[in-house]
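Undergrad: test case, fold it:
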Amino acid sequence: MAARILRHALLLILAYYGLLLAGAVLRFEALPDYARFYPWAENIRGILTGTPSWRDALLIALDEPLFETGRTLPDYTIAEWSLTIVPDKLAAIAAVATLLAIHWHLARRSCRLGAAALSGAGSVASALASATLGWTVCCSTPSWVVILAMLGLWAPTAMAVEPYGPPITIAGLVLLGAGVVLQVRANRGDAQA
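TA: Below you'll find the predicted structure:
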């Protein structure tokens, strides 16, 4: 059972990043022209030894990219758009994928509408707020609000809601966890009946 849940969680993680990449390709009508794996461990070592404050070092390390792909602007060396994988967002997506895989496994016998609604809403909220797309219009910083800007929200308005990403992610994980708990209780009730 645990191996199946892990396999489904890994597939969900791959599907999530695949959908982000597909969305960017469709929106900008251009395939990525670069892909870069970063020397993450080496960069973390440099951050930890070169940053005097451990708190600052941790915050910087969490945003240190593992991988990036995107499209460069013609005649420039900067990315017009990019998809970046960073550890803190990857951890959030892994938590969402794992909880969702657990819910799906539990719901195979008997799915409860309330549990499914909580899990669905929580996974969408956390997945949206954990996106790491970059776009020159939004200062090229990988952020979840780039999706909002890509969908037509005025870029300054999208950037204004950027600080709400972590609370949205946490709220989504709480909703998703509540959906799993409700499904577990429903399954126990069905087993006792």
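Undergrad: how confident was the prediction at Ala191?
TA: We have a pLDDT of 65 for Ala191.
Undergrad: let me redo that: Cys111
TA: Listed pLDDT for Cys111 reads 83.
Undergrad: gap between it and Thr136?
TA: 43 Å (CB to CB, to the nearest Å). In this view, the C-beta of every residue, glycine as well, is placed from N, C-alpha and C.
Undergrad: and Gly70, by the same measure?
TA: Separation of Gly70 from Thr136 (CB to CB) stands at 10 Å.
Undergrad: could you do Val25 as well?
TA: For Val25, the distance to Thr136 - CB to CB - is 16 Å.
Undergrad: now swap in Ala101 and tell me
TA: Taken as CB to CB, the span from Ala101 to Thr136 is 36 Å.
Undergrad: again with Leu26
TA: From Leu26 over to Thr136 (counting by CB to CB), the distance is 18 Å.
Undergrad: more crowded one of those two?
TA: Thr136 (13 against 10; other CB atoms under 10 Å).
Undergrad: isn't the more buried one up against Glu80?
TA: Yes - at 5.5 Å, Thr136 counts as touching Glu80 under the criterion of CB atoms under 8 Å.
Undergrad: identify the contacts common to those two.
TA: Leu73 (CB atoms under 8 Å, 6 or more residues apart in numbering).
Undergrad: what sits against the residue most central in space within the chain?
TA: The residue lying closest to the centre of the chain (CA atoms, centre = their mean) is Ser130, at 3.4 Å. Neighbouring residues of Ser130 by CB under 8 Å, 6+ apart: Lys89, Ala92, Ile93, Val96, Trp144, Gly165, Thr169.
Undergrad: present those residues as a markdown table; the columns should include neighbour count and pLDDT.
TA: Converted to a markdown table, the contacts of Ser130 look like this (neighbours: other CB atoms under 10 Å; pLDDT from 0 to 100):
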| residue | neighbour count | pLDDT |
| --- | --- | --- |
| Lys89 | 21 | 94 |
| Ala92 | 20 | 96 |
| Ile93 | 24 | 97 |
| Val96 | 26 | 97 |
| Trp144 | 22 | 90 |
| Gly165 | 18 | 93 |
| Thr169 | 24 | 96 |
